[in-house]
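Asker: return atomic coordinates for the entry below.
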Amino acid sequence: MIISKRLEHYEKLMRLDKPIGILLLLWPTLWGLWIAAGGMPNWAIVWIFVLGTILMRSAGCVINDYADKNIDPYVERTKWRPLAIGVVSTKEALLLAAGLSFCAFLLILNLNRLTIALSVCALFLAASYPFTKRFFVIPQAYLGIAFSFGIPMAFAAQTNELPIIVWLLMTANLFWVIAYDTEYAMVDKIDDIKIGIKTSAITFGRFDVAGIMLCHIIFIGIMVGVGQLQKLGVFYYLGLGVVFGLIMYQYYLIRNREPARCFKAFLHNNWVGATVFTGIALDYFINTTF
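Answerer: Predicted coordinates:
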């Protein structure tokens, strides 16, 4: 196989052609970096975290497809993935995941010991999450922890401390992840029931839409508390107001449980994360400038 075609298969395996996962992982990390630094983060650290997020999300996708290589062929949305159709071998996938993780670790070595220690935990969570779908009734909660680990790492890198605000941000992000990944799971719900995969969309049953909206509301509520503790101002709360409107639009999309519209709602969460970050960054910028 020619090199360009092989690289194309690797790109699809890492989901670089579908960057939504990178963005959903990156936004909470940026929230943490900006809050930890009072709106003035070290730009070298910012770039380390941006590149590290891309590398680790890519590695996570490879590990996920390795774990699901015998499942993906039976799911309509995933049956054409590189490992599912055999154009990439399992050995190649494992080597690729190891290489990506190693590169991410090299980036983290430039930071302090606390950040390095947390990165080991983050790697374990990323590597183990794909296997939780076999026995956890809400694997989205485990994913929520994994997708929140950029927050303590951001605080550790900026301040070498883990104040209470870290755990509030992580909890808020945990509920947000459960909400949007349940929307994602609703797309594959019929196939997942057939093959015996466990997801929150299945566990919530007929309360799936209500569960998603409850998680979104808890997310916003905790973020209001974060604003109070950090003494953030009007621009932050305006951002949360916009987020509430975005979430109401997601309800409109998912209320009839149509797979295509549920997937659209999942993708729409990029705007939720971006809006929260814009509110945080703008509020700090206005306060420090004026």
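Asker: what about Asn70, how many neighbours?
Answerer: For Asn70, the neighbour count with other C-beta atoms under 10 Å is 10. C-beta coordinates here come from the backbone N, C-alpha and C atoms, glycine included.
Asker: can you classify it as helix, strand or coil?
Answerer: coil (DSSP: H, G, I helix; E, B strand; the rest coil).
Asker: give me the pLDDT for it.
Answerer: Note on Asn70: pLDDT of 86.
Asker: ok, now Ile2?
Answerer: 74.
Asker: roughly how far apart are it and Leu96?
Answerer: Remark: distance between Ile2 and Leu96 (C-beta to C-beta, to the nearest Å) = 18 Å.
Asker: which one of those two has more residues nearby?
Answerer: Between Ile2 and Leu96, counted using other C-beta under 10 Å, the more crowded position is Leu96 (19 against 7).
Asker: CA atoms only for stretch 31-41, dumped as CSV, please.
Answerer: Output of stretch 31-41 as CSV, limited to C-alpha atoms (Å, rounded to 0.1, in the frame of the first residue of the first chain):
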residue,chain,number,x,y,z
TRP,A,31,-11.2,26.9,31.1
GLY,A,32,-8.8,25.5,33.7
LEU,A,33,-5.7,27.2,32.3
TRP,A,34,-7.4,30.6,32.2
ILE,A,35,-9.0,30.4,35.6
ALA,A,36,-5.8,29.0,37.2
ALA,A,37,-3.8,31.9,35.7
GLY,A,38,-6.3,34.6,36.4
GLY,A,39,-6.8,35.2,32.7
MET,A,40,-3.0,35.4,31.9
PRO,A,41,-1.7,31.9,31.3
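Asker: buried residues, it. List them.
Answerer: Trp31, Gly32, Leu33, Trp34, Ile35, Ala36, Ala37, Gly39, Pro41 (16 or more other C-beta atoms under 10 Å).
Asker: excluding its backbone neighbours, what's nearest Ser101?
Answerer: Nearest non-adjacent residue to Ser101, counting by C-beta to C-beta, 6 or more residues apart in numbering: Ala59, 4.8 Å away.
Asker: in contact with the one you found, which residues?
Answerer: Counting by C-beta atoms under 8 Å, 6 or more residues apart in numbering, Ala59 makes contact with Met14, Leu96, Ala97, Leu100, Ser101, Ala104, Ala126.
Asker: what's the closest of the residues you listed to Tyr284?
Answerer: When the contacts of Ala59 are compared for distance to Tyr284 (C-beta to C-beta), Ala104 wins out at 27.4 Å.
Asker: if I look at that closest one, how far off is Val87?
Answerer: 25 Å.
Asker: which one of these two is surrounded by more residues?
Answerer: The neighbour comparison of Ala104 against Val87 (other C-beta under 10 Å) goes to Ala104, with 23 against 17.
Asker: ok, residues contacting the helix or strand harbouring the more buried one?
Answerer: Here Ala104 sits within helix 90-108, counting by DSSP states H and E. Residues external to helix 90-108 that are found in contact with it (C-beta under 8 Å, 6+ apart): 10, 13-14, 48, 51-52, 55-56, 58-59, 62-63, 65-66, 69, 83, 115-116, 119, 123.
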